[in-house]
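Q: Fold the stuff below for me.
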Amino acid sequence: MFEDLLGKAGLSLDRLRSLTEVDEAQSITQAAKGDLSRQALISRQLRELEEYFGVELTERQGRRLQLSPAGRRLAGLAREHLRDLADFAREQAGASKTFRLGAGASVLEWLAIPAARGIRNALGNATLQFTTRRSRELVEAIQEGQLDFAIVREDALPVSALKLTLQRLRFYLCIPRPLLTDLGALPLRDLAKLKGLPMAANAGGGQLDTTFRKAMESVLGEFSPDYECDSLLQVKQLIETGACAGVLPCIGLAGLDAATVHWQEFKPMKDYGRPLVLHWNERHMRRRQVSESTIREVGKTLEIPADANTVKIPHHAYGNLF
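A: Model (predicted):
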């Protein structure tokens, strides 16, 4: 049945594993992690696979050597089969499977990590691996089988993509109480009073950052943040130290002390709220024998409990998965 495939030398699980590592690292150098002997081995293994399949698996992009379209396709096929074999071996040994979940840094910190125990239980006491990536990269990783689950904005997905709505983000203006002295009564209704108040913002140039800056400009006319951060995690830390004010999503309010920080809904971004969704690949889940009910349970664990020190966050509405 597989005579044509197995009747010649050059194909091995180790070579296929190296191919998947290059695909995930996006270069041979990164896959080798600075080990020159490992880098030479991977290069040789890729050449052997090219000879076996009779197709170029790599191409040069500038000074970097990366996988060609054929190489990426083969890497996806190899990843699926290697994972299937790993799952089979674990099942026979009575061991739990390993699942990978990806999200942006702040979503991972504020939503996925607090729910980690529930996610693990829903997946049969599986080993969980967490990774941070941008929304576009997360969607691609799900399509290619690099991740099992991703938490992304709904508008980052095609309309037909499988998803479960988790939380519609609302945004809150957070001001350290020592900075409130000259702002008058609370909640603050005249946001123009924020002029002169030290503020933090993301510096990534993403959709959220652009929307926030435009919202501040609509309030103040001109806006230049005093602190520019790589992530909302840093914005929150600055607020907690009392250094400045900033805007956080509702999932970032947990743990803030109402005695030291005042927060109120940031009305200029009231209509911006984007639903966060759990995204997965149906074919991939089917291969890994993850049922619809299990996916529902994973989604339920990502429901955010109302913290006594934060605003009350409503329960999520769950729609049909399929």
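
Q: and the closest residue to residue 163 other than its chain neighbours, which of the three is it?
A: Excluding its sequence neighbours, the residue lying closest to residue 163 (C-beta to C-beta, 6 or more residues apart in numbering) is residue 277, at 4.0 Å. For glycine as for every other residue, the C-beta is placed from the backbone atoms N, C-alpha and C. When classified by DSSP: H, G, I helix; E, B strand; the rest coil, residue 277 comes out as strand.

Q: Residue 277 against residue 168, yeah?
A: No. Taking contacts as C-beta atoms under 8 Å, residue 277 lies outside contact range of residue 168: 10.1 Å.

Q: out of these two, which sits in the busier spot?
A: residue 277 (21 against 14; other C-beta atoms under 10 Å).

Q: Pull the contacting residues for that one.
A: Counting by C-beta atoms under 8 Å, 6 or more residues apart in numbering, residue 277 touches 151, 152, 153, 154, 157, 163, 164, 165, 166.

Q: neighbours around the fifth one, how many?
A: By that I understand residue 157. Using other C-beta under 10 Å, residue 157 has 18 other residues around it.

Q: And the contacts of stretch 122-135?
A: 96-105, 108, 112-113, 116, 119-120, 141, 147, 152-153, 156, 206, 290, 294, 297-298, 300-301.

Q: List buried residues within those.
A: 97, 99-104, 108, 112, 119-120, 141, 147, 152-153, 156, 290, 298, 300-301 (16 or more other C-beta atoms under 10 Å).

Q: can you pull the buried residues of stretch 48-63?
A: 48, 49, 50, 52, 57, 58.

Q: If you could redo that for stretch 231-247, that was the one I meant.
A: Residues of stretch 231-247 classed as buried: 231, 232, 233, 234, 235, 236, 238, 239, 244, 245, 246, 247 (neighbour count, 16+ other C-beta under 10 Å).

Q: now, which of these lie within helices?
A: 232, 233, 234, 235, 236, 238, 239 (DSSP state H).

Q: Please name the residues that touch residue 179.
A: Per C-beta under 8 Å, 6+ apart, neighbours of residue 179: 197, 198, 242, 244, 245.

Q: hang on, it in a helix?
A: Yes. The assignment for residue 179 is a helix, going by three-state DSSP.

Q: quick one: it from residue 218, how far?
A: 21 Å (C-beta to C-beta, to the nearest Å).

Q: For residue 233, give me the pLDDT.
A: Note on residue 233: pLDDT of 95.

Q: next one: phi and psi at the residue nearest to it when sequence neighbours are not counted?
A: Leaving aside its chain neighbours, residue 233 sits nearest to residue 106 (5.3 Å; criterion: C-beta to C-beta, 6+ apart). When read as degrees, to the nearest 10, the backbone of residue 106 gives phi -70, psi -40.

Q: Please renumber the chain so that the first residue is 50 from this point on.
A: From this message on, residue numbering opens at 50, which makes the last subject residue 155.

Q: wait, residue 155 sits on residue 299?
A: No. In this structure residue 155 lies outside contact range of residue 299 using C-beta under 8 Å: 11.8 Å.
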